[in-house]
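[1] Generate a structure from the sequence data that follows.
(chains A and B)
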Number of protein chains: 2
Amino acid sequence: MKTIVAEPLTRAAFAEFGDVLDTEGDTPRIINAGMTERFHDLAKVEAVGDDARVLVSIFRGQPYKFPLQLKMVERHPLGSQAFMPLSLQPFLVAVCADGSQGPLAPRVFVTKPGQGVNYHRNLWHAVLTPIGEKQDFLVVDRGGEGNNLEEHYFDEPYLIELPEIAHD
Amino acid sequence: MKTIVAEPLTRAAFAEFGDVLDTEGDTPRIINAGMTERFHDLAKVEAVGDDARVLVSIFRGQPYKFPLQLKMVERHPLGSQAFMPLSLQPFLVAVCADGSQGPLAPRVFVTKPGQGVNYHRNLWHAVLTPIGEKQDFLVVDRGGEGNNLEEHYFDEPYLIELPEIAHD
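    Coordinates of the predicted model:
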């Protein structure tokens, strides 16, 4: 089984897969008479289909044990999917570029406190994977008719380890 | 100056104005092989206009002092606006039904930990009003051409007080 050690999530490393939702790297707009900073338009939200609409939901995820066997990834052909943590705990972000035979080997990231992600439409990704404890997330994704889910099971699982710092 | 004491935010009291974003009152869907609860479709998201799209942003708001003089409210004719706190601090939610001469007297709420709100399109509301300390929010609203902001200044401000419990 191939082992992958998760790397820190950065905008540069994640750019080909989706958007990092955080307050680093952008200059905010100042609104509300100076009382509010607006870090503007962080995610490319997509909801394809005549009857499609953008949904706001809360996901409550149980934590996973590490090292973790990553057996499958999924993707949503009709919409993006954003996950913003409602606590400062980290979570795992595993994504795959698409190849001619299905998803390529995963790239695996661990978030910093306050970072969320938006998976672009049709990006292969692991299911929601909290680290350490139960976590709530605000989720922005797509509702409507049509099959918006594909799953892929790897021939052999990948073993995912956390970097040392995430063990603290 | 008329004084209004903020009341606890509940779904029933807020239903005529917008959506409460929380995990109470709904039975979640169980997904991801039992590891995730999905509290599904909590907000009516609207983004009107041919070129309009849904934006995801982070707002960082400074806290307001109480009692607070509420001098103005605003509304967005072309889209809804959701605010989900990224910490467990409360914030103030002041909204007004629309009358023939502009907004009626405010209804004023204070959130419980973990509650967010979605203001329906064209609802009069106060600007983002954190209580106690600086707070970050995930915001889901509308981007695109067209004038999406109206402001209304009251002839006389309202004095907003917090209930006793929010002083603790």
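
[2] In chain A, where is pLDDT below threshold?
    Chain A contains residues with pLDDT under 70 at A:165-168.

[3] any idea where the helices of it begin and end?
    A:11-14 (DSSP state H).

[4] quick one, which residue of it lies the farthest from its center?
    When each C-alpha in chain A is compared with the mean C-alpha position (CA atoms, centre = their mean), residue A:33 comes out farthest, at 33.6 Å.

[5] Quick check: the nearest residue to that residue once chain neighbours are set aside vs residue A:34, distance?
    Excluding the flanking residues, the one nearest residue A:33 by CB to CB, 6 or more residues apart in numbering or on different chains is residue B:127, at 7.9 Å. The C-beta positions use only the backbone N, C-alpha and C, and glycine is treated the same way. For residue B:127, the distance to residue A:34 (CB to CB, to the nearest Å) stands at 11 Å.

[6] With neighbour numbers in mind, choose between these two.
    Taking other CB atoms under 10 Å in any protein chain shown, residue B:127 and residue A:34 do not tie; residue B:127 has more neighbours (19 against 8).

[7] Might one say that that one is in contact with residue A:38?
    No - using CB atoms under 8 Å, residue B:127 makes no contact with residue A:38, being 11.4 Å away.

[8] tell me, what residue is most central in chain A?
    Central residue of chain A (CA atoms, centre = their mean): residue A:117, at 4.3 Å.

[9] who's in contact with that one?
    A:9, A:14, A:18, A:19, A:20, A:21, A:82, A:83, A:93, A:111 (CB atoms under 8 Å, 6 or more residues apart in numbering or on different chains).

[10] Could I get the buried residue list for the biggest strand by length in chain A?
    For chain A, the strand that runs over the most residues, judged by DSSP state E, is strand A:150-161. Residues of strand A:150-161 classed as buried by neighbour count (16 or more other CB atoms under 10 Å in any protein chain shown): A:154, A:158, A:160.

[11] ditto for stretch A:56-68
    Quick answer for stretch A:56-68 (16+ other CB under 10 Å): A:56, A:57, A:58, A:59, A:60, A:61, A:63, A:64, A:66, A:68.

[12] gap between the third one and residue B:29?
    To tie it back to what came earlier, the one meant is residue A:58. Distance, residue A:58 to residue B:29, by CB to CB: 11 Å.

[13] So for the two, which residues contact both of them?
    By CB under 8 Å, 6+ apart, residue A:58 and residue B:29 have these common neighbours: residue B:38.

[14] Give the buried residues for stretch A:110-120.
    By neighbour count on 16+ other CB under 10 Å, the buried set for stretch A:110-120 is A:110, A:111, A:112, A:114, A:115, A:116, A:117, A:118, A:119, A:120.

[15] That stretch spans what distance, first to last residue?
    18 Å (CA to CA, to the nearest Å).

[16] That one: how far from the chain's middle?
    Mean C-alpha position of stretch A:110-120 versus that of the full chain (CA atoms, centre = their mean, to the nearest Å) differs by 6 Å.

[17] With stretch A:116-126 instead?
    Distance, centroid of stretch A:116-126 to centroid of chain: 5 Å (CA atoms, centre = their mean).

[18] now the end-to-end length of it.
    15 Å.

[19] Likewise for stretch A:75-86?
    Termini of stretch A:75-86 sit 23 Å apart (CA to CA).

[20] try stretch A:28-45
    Start-to-end, stretch A:28-45 (CA to CA) is 20 Å.

[21] hang on, residue A:108 packs against residue A:4?
    Yes - with contact defined as CB under 8 Å, residue A:108 counts as touching residue A:4 (5.0 Å).

[22] and those two? which has more neighbours close in?
    More crowded of residue A:108 and residue A:4, by other CB under 10 Å: residue A:108, with 23 against 17.

[23] Show me the beta-bridge partners of that one.
    Residue A:108 forms beta bridges with residue A:94, as assigned by DSSP bridges.

[24] count of residues packed around residue A:146?
    Neighbours around residue A:146, by other CB under 10 Å: 14.

[25] quick one, what contacts it?
    A:49, A:52, A:78.

[26] Between those residues, which sits nearest residue A:99?
    When the contacts of residue A:146 are compared for distance to residue A:99 (CB to CB), residue A:78 wins out at 21.1 Å.

[27] What's the local residue count around the closest one?
    Residues near residue A:78, counting by other CB under 10 Å: 20.

[28] Please look at it and residue A:143 and confirm they touch.
    No - in this structure, residue A:78 is not within contact of residue A:143 by CB under 8 Å, at 9.7 Å.

[29] overlap in contacts of those two?
    With CB under 8 Å, 6+ apart as the test, residue A:78 and residue A:143 both reach A:47, A:52.
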